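Asks: sequence isn't available, so here's the structure alone:
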């Protein structure tokens, strides 16, 4: 069963500058003090990126992460993906995680689009065969055609994003973690991507989506989680949390098309 | 940390604490299950370097061949060694050394270099280590063609004992892996380590009997023999010897095996301890 359980989790980043990072400093530092052993890390400045995070997600949960820049949204996503294990507290993640934080990661400019599809898929936990079966569909979606046999370095930025988005939306994740930055493509293509994204979310067991776009959040998520200075400020119904965060009802500003899509999605 | 469909059972038995043996072993196990990924990436790394060249990875073989031939002709004359013995001796030594040196040098940067992947995709740390060792093994495979050519040219006598080369290679590969885990984690925390390892490895190349023949020096006697005997204290000598002896048709020498197997056990114990304690810190440190 897919689940995410986090209890009292903290994520503290040690900030090493060139001096504290060197072995010499660490050795001299400890040799100087007779007796008690002082943890090397204690002298390193620490950034508390997340504090006392407690949340529990089950199959079917669609959580929208909201908060200002630097509130800890990306860090929380990385905690939930298992990239960061909490420095205090516990996190327990059961299920196949597909983190989509950076569309470019795991892409190699020197190899062809086809090879990149396979590699990116392997990175996302798919097998080679599964990815081969999906290549055609990805090729069609990304509208890259014969370009797929060309090395990735010959692609424009927009083409790269299409390819990456095509791969990412073709997988079958149990836990889907999306960080925003799924932009940089033309409007017509984004419409197409929206469908694929919605379908992907429907396929996945748990979704956690960090975004500044109310429209995307309302469309993809049902509950909201407001992060402020690394702590959970509010957790609950998306519309309520968003209203408190923005100070007004987010549904007021939605375009009629968006509203009809939302109505359709929630029906 | 569940990253493949094959991995979820690890969650069931792993402790909640980041610092546990089960999670250290779980990392290695999950990394092994991802062998398609690192297997592919290892090949990719090799092809990458020679992507637009005509003969591609064959350059690996050629460059080692040229190096061995050039150095071989020079040093055979300097040390008064017969070419038919010395060329294969030197070539095999260089091939083994290249594998070991790369595991150490690149091992020191194995996590630092993969910062992007580590921060964006939840994969076991061992995936990066396995990719590195596998890539070096592929280099080894290319280089070994030089040895095949030399054996054919000089009709080096190989017997059944030469089959010991396979377990010997396995031991060397196992050691390459723990070295990369151990040095890789320490170097991620302390960035002074990579330059240190590079200079130590360069120094060790000259201290290890690869271009010189220590048994020959010992048999000649005199002060040179005493120095040559000191080479026995150099662990690299034993690793070179377990593989080089069978590959150039020399007899089995148990003491090299005792030393290397002992180092394998101690090294892995140390690497596992570091992996247990600092595995979860690497993504914070890179």
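Replies: Happy to help now that I have it. Note that the structure is predicted; figures quoted are calculated from it, not measured.

Asks: what does the stretch 101-250 of chain A put close to chain B?
Replies: Residues of the stretch 101-250 of chain A found near chain B (CB under 8 Å from any CB of the partner chain) are A:101-102, A:105-106, A:108, A:110-111, A:115, A:118-119, A:122-125, A:127-128, A:174-175. From N, CA and C alone the C-beta is placed, and that goes for glycine too.

Asks: quick one: contacts of the lengthiest helix in chain A?
Replies: Criterion DSSP state H: the longest helix present in chain A is helix A:187-203. Applying CB atoms under 8 Å, 6 or more residues apart in numbering or on different chains, the contact partners of helix A:187-203 are A:62, A:141, A:143, A:158, A:162, A:165-166, A:168-169, A:171-173, A:176, A:182-183, A:185, A:207, A:219-220, A:265.

Asks: residue B:244 is in contact with residue B:253, correct?
Replies: No: Residue B:253 is beyond contact range of residue B:244, at 10.5 Å (criterion: CB atoms under 8 Å).

Asks: neighbour-wise, which of those two wins?
Replies: Higher neighbour count among residue B:253 and residue B:244: residue B:244, with 26 against 12, using other CB atoms under 10 Å in any protein chain shown.

Asks: what's the distance between that one and residue A:51?
Replies: Distance, residue B:244 to residue A:51, using CB to CB, to the nearest Å: 57 Å.

Asks: same question, residue B:120
Replies: For residue B:120 relative to residue A:51 (CB to CB), the value is 23 Å.

Asks: what about the two, which has more around it?
Replies: residue B:120 (20 against 17).

Asks: what pairs with the residue nearest to residue A:92 when sequence neighbours are not counted across the strands?
Replies: Spatial nearest neighbour of residue A:92, excluding adjacent residues (CB to CB, 6 or more residues apart in numbering or on different chains): residue A:5 at 4.6 Å. Beta-bridge pairing for residue A:5 (DSSP bridges): residue A:56, residue A:92.

Asks: number of residues surrounding residue A:5?
Replies: Neighbours of residue A:5 (other CB under 10 Å): 16.

Asks: check contacts around it.
Replies: A:55, A:56, A:57, A:90, A:91, A:92, A:93.

Asks: so for the last one, what pLDDT did the model give?
Replies: By that I understand residue A:93. On pLDDT, residue A:93 comes in at 90.

Asks: correct me if wrong: it contacts residue A:1.
Replies: No: counting by CB under 8 Å, residue A:93 stays clear of residue A:1, with 12.0 Å between them.

Asks: with neighbour numbers in mind, choose between those two.
Replies: The residue with more neighbours, out of residue A:93 and residue A:1, is residue A:93; 24 against 8, by other CB under 10 Å.

Asks: separation between that one and chain B?
Replies: In this view, residue A:93 and chain B are 6 Å apart by CB to the nearest CB, to the nearest Å.

Asks: repeat for residue A:223
Replies: From residue A:223 to chain B the distance is 23 Å (CB to the nearest CB).

Asks: next, count neighbours for that residue.
Replies: With other CB under 10 Å as criterion, residue A:223 counts 16.

Asks: quick one, helices of the chain?
Replies: In the absence of a named chain, chain A is used. According to DSSP H, the helices that chain A contains are A:18-21, A:23-31, A:73-81, A:113-123, A:128-142, A:157-168, A:187-203, A:214-220, A:238-246, A:256-266.

Asks: looking at chain B here, not the other one
Replies: Going by DSSP H, chain B shows helices at B:9-13, B:21-33, B:35-49, B:58-79, B:83-108, B:115-120, B:126-154, B:165-189, B:193-207, B:214-220, B:223-230, B:235-247, B:254-278, B:282-285.

Asks: tell me which of those helices sits nearest to residue A:69.
Replies: helix B:115-120 (18.0 Å; CB to CB).

Asks: grab the most central residue of chain B for me.
Replies: residue B:100 (3.1 Å; CA atoms, centre = their mean).

Asks: and stretch A:228-244, which residues are buried?
Replies: Buried positions in stretch A:228-244, judged by neighbour count with 16 or more other CB atoms under 10 Å in any protein chain shown: A:230, A:232, A:234, A:238, A:239, A:241, A:242, A:243.

Asks: out of those residues, who's nearest residue B:56?
Replies: residue A:230 (49.9 Å).

Asks: where does the chain dip in pLDDT?
Replies: No chain in the question, so chain A it is. Low-confidence segments of chain A (pLDDT under 70): A:18-43, A:181-190, A:262-267.

Asks: nope, chain B
Replies: B:1-16.

Asks: circling back: and the residue nearest to the centre of chain B, what does it touch?
Replies: Residue B:100 neighbours (CB under 8 Å, 6+ apart): B:172, B:175, B:176, B:236, B:239, B:240.

Asks: quick check: the farthest pair among the residues you listed?
Replies: Spanning the widest gap among the contacts of residue B:100 are B:176 and B:240, at 13.5 Å by CB to CB.

Asks: about what we covered before: could the buried residues of stretch A:228-244 go into a markdown table alongside distance to residue B:57?
Replies: Converted to a markdown table, the buried residues of stretch A:228-244 look like this (distance: CB to CB, whole Å):
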| residue | distance to residue B:57 |
| --- | --- |
| A:230 | 48 |
| A:232 | 52 |
| A:234 | 57 |
| A:238 | 53 |
| A:239 | 58 |
| A:241 | 55 |
| A:242 | 55 |
| A:243 | 60 |
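
Asks: skip the chain neighbours and tell me the closest residue to residue A:126.
Replies: Nearest to residue A:126 is residue A:171, by CB to CB, 6+ apart, at 5.7 Å.

Asks: phi and psi next, for the one you found.
Replies: Main-chain dihedrals, residue A:171, degrees, to the nearest 10: phi -80, psi 170.

Asks: so it makes contact with residue A:122?
Replies: No: taking CB under 8 Å as the definition, residue A:171 is not a contact partner of residue A:122, at 10.9 Å.

Asks: can you tell me how far residue B:126 is from residue B:31?
Replies: As judged by CB to CB, residue B:126 and residue B:31 stand 3 Å apart.

Asks: settle it for me: which of those two has more neighbours?
Replies: In this view residue B:126 and residue B:31 are compared by other CB under 10 Å, and residue B:126 has more residues nearby, 24 against 20.

Asks: show me the contacts for that one.
Replies: B:27, B:28, B:30, B:31, B:32, B:181.

Asks: just among the residues you listed, which is most surrounded?
Replies: For the contacts of residue B:126, neighbours tallied by other CB under 10 Å; top is residue B:181, 29 neighbours.

Asks: list the contacts of that one.
Replies: Contacts of residue B:181 (CB under 8 Å, 6+ apart): B:107, B:125, B:126, B:129, B:271, B:274, B:275.

Asks: now do 7 Å
Replies: Counting by CB atoms under 7 Å, 6 or more residues apart in numbering or on different chains, residue B:181 makes contact with B:129, B:271, B:275.
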